[in-house]
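**Q** For reference, the sequence and a predicted model appear below.
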Amino acid sequence: MATRGSPITSGRGAWTGGGELRCPRRRGELGMYRKRLQGHGVHLIPMDRRDLLKLGALGAGTAALSGCLENIPGVNGKDGEAASALAAASVDKPEVESTGETTSYDLFLQPDTQKVAPSIEIPVWGFSDSANGPFTMPGPTLRAQAGDKLRITFNNLQDMPHTIHWHGVHLPWDQDGVPFISQEPIAGGESFTYEFEAKPAGTHWYHCHVDALHHIDMGMYGTLVFEDPDDPWRVGGPNGVTDDKVIVLDEVDKNHVHSAGAYADTQNPQNAGPESGNPMHTAEQGETVARDVANRPPNPTTEDSSQATNPAQEERDWYPATYPAYEPELNTYMLNGYCFPYTEPIRLTEGEAKRLRFVNAGTKRHSMHIHGHTFLVTHEDGHRVPDPYWKDTLDIAPGQRYDAILFADNPGIWVMHDHSGHASNNNIYPGGIFTAVAYEGFEDQLPNQPQNSGDFVRWYDDL
């Protein structure tokens, strides 16, 4: 049904009249609609009561609408064959032919720390493709040609159980990485090898699926890129793309990252206590006491007294674990694991076309905007769009991926940032999802890392 402002094209232009376009109910209305629409190349099929009764037996609503709109191009007839056959049509999914090749990776997980911004160093559960690290958030980008057999061995060097889910990938159910559905969780010190075909082509991502909210928050995610040799937007392809860059967006809950490693069942008593030196004892000296530390910072303090007692809690298993409800305070927003000014600039050479692969690994929408340029969107969630389109600001939902081409046609130093003010340090620059876009020849004009003071330090000093 067309409404005001919805163009109905015809030989005489677009109809954007007021009100709704609907089937007439009374004889007088029929003449009014006929005159109004015939002037725009739209013709109605006459119907009497008998015709309408026949249509009622077949589903009057749908058939009558079809009769009213028969000659509107793009809805029915010669120019609307696809629309009229929509109910019976099937959408073809791109086929990925097996290459017969195998691409193998080792993926290691180990706790580490990452300095994401001045004055902020947070614990992470980082991935690496080497047993010696570095273990980073996000993990390494894993690339393969679409159709390759992927063999990825996950080595859990931590004491928490984990699985890896391959988001966006079409694979056998028992390789999907969902705990207690497709596999048992992989215990600390254990390994598991995932095997599946790299399909569909495009940009996807991987993440832990055990207590996913918390474990992704700790840094357990990374990007998958399955290259399509027939993609005109591939690097070296016919559309002139010379390079690609992965951009992963995320945000950290400060209540959670500072409790990293605090998952525990029981704890031995420690003679730690207030600054006065008075000893702090467990409830019953010499016994093991369980302490709920899932969302508490390490080394909790207590008021100064002669005898400070740490309250005992009922002993519980460390998995499955329960976490107290809390309000997320997402105030550390990151681009590839860092906040400005620690984010890496996007470097361009005038005349090149760079493919940016955006992945939203967080739980908030991110609205990416670049100054002095416009994105050409070519892929959504790994799939090539039939008609690439221009976007000034790219709104990316949690879990979503977009590929966009950045044409280097405006030399200088620009910025790319999340246009949601709270994600760029509450609009107090610098900070957050914010980075420089620097052309060759302008790098020496990039300012030195700022001595962050005032509001910037205030923004982070409570983390």
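**A** Thanks, I have the structure now. In this text the structure is predicted, and so the values were computed from the model without any measurement.

**Q** Describe which strands the longest strand anywhere in the chain pairs with in its sheet and in which direction.
**A** Secondary structure assigned by DSSP state E gives strand 102-117 as the longest strand of the chain. In the sheet, strand 102-117 lines up against strand 120-128 (antiparallel), strand 149-156 (parallel) (DSSP bridges).

**Q** for the last one, what is the average pLDDT?
**A** Yep, that's strand 149-156 we're talking about. Across strand 149-156, pLDDT averages out at 98.

**Q** Beyond that strand, next helix or strand please.
**A** strand 164-167 (DSSP states H and E).

**Q** Domain-wise, how is this protein divided?
**A** As assigned by automatic domain parsing, the chain contains the domains 8-84, 102-236, 330-460.

**Q** What is the neighbour count of residue 212?
**A** Residue 212 has 16 neighbouring residues, counting by other CB atoms under 10 Å. All C-beta spots, glycine's among them, are computed from the backbone N, C-alpha and C.

**Q** Oh, that last question was meant for residue 97, not what I typed.
**A** If we define neighbours as other CB under 10 Å, then residue 97 has 9 of them.

**Q** Put the alpha carbons of stretch 223-242 into PDB.
**A** Extracted C-alpha coordinates of stretch 223-242, given in PDB (Å, rounded to 0.1, in the frame of the first residue of the first chain):
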ATOM      1  CA  THR A 223      37.900 -11.900  13.200                       C
ATOM      2  CA  LEU A 224      37.500 -14.500  10.500                       C
ATOM      3  CA  VAL A 225      38.100 -13.500   6.900                       C
ATOM      4  CA  PHE A 226      37.200 -16.000   4.100                       C
ATOM      5  CA  GLU A 227      38.400 -14.600   0.800                       C
ATOM      6  CA  ASP A 228      36.300 -15.000  -2.300                       C
ATOM      7  CA  PRO A 229      38.400 -15.200  -5.500                       C
ATOM      8  CA  ASP A 230      35.400 -14.000  -7.500                       C
ATOM      9  CA  ASP A 231      34.700 -10.900  -5.300                       C
ATOM     10  CA  PRO A 232      35.400  -7.800  -7.400                       C
ATOM     11  CA  TRP A 233      36.100  -5.900  -4.200                       C
ATOM     12  CA  ARG A 234      38.900  -8.300  -3.100                       C
ATOM     13  CA  VAL A 235      42.400  -7.000  -2.800                       C
ATOM     14  CA  GLY A 236      44.000  -7.000  -6.200                       C
ATOM     15  CA  GLY A 237      40.500  -7.400  -7.800                       C
ATOM     16  CA  PRO A 238      39.100  -5.500 -10.800                       C
ATOM     17  CA  ASN A 239      37.700  -2.700  -8.700                       C
ATOM     18  CA  GLY A 240      41.100  -1.500  -7.700                       C
ATOM     19  CA  VAL A 241      41.200  -2.400  -3.900                       C
ATOM     20  CA  THR A 242      44.800  -2.300  -2.800                       C
END
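
**Q** List the buried residues for it?
**A** Residues of stretch 223-242 classed as buried: 223, 224, 225, 226, 227, 228, 231, 233, 234, 237, 241 (neighbour count, 16 or more other CB atoms under 10 Å).

**Q** Can you flag which of these belong to strands?
**A** Per DSSP E, the subset of the buried residues of stretch 223-242 in strands is 223, 224, 225, 226, 227, 241.

**Q** Redo those residues as a markdown table? Include pLDDT and distance to residue 407.
**A** Below are those laid out as a markdown table (pLDDT from 0 to 100; distance: CB to CB, whole Å):
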| residue | pLDDT | distance to residue 407 |
| --- | --- | --- |
| 223 | 98 | 23 |
| 224 | 98 | 26 |
| 225 | 98 | 21 |
| 226 | 98 | 24 |
| 227 | 96 | 21 |
| 241 | 97 | 10 |
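
**Q** Nearest to residue 191 among those residues?
**A** residue 224 (19.5 Å; CB to CB).

**Q** any idea how far that closest one is from residue 206?
**A** 6 Å (CB to CB, to the nearest Å).

**Q** Need the overlap of contacts for these two.
**A** Residues touching both residue 224 and residue 206 by CB atoms under 8 Å, 6 or more residues apart in numbering: 142, 166.

**Q** For the stretch 151-300 of the chain, give me the ranges with low pLDDT.
**A** Along the stretch 151-300 of the chain, the model assigns pLDDT under 70 to residues 254-300.

**Q** Many thanks, I have nothing further to ask.
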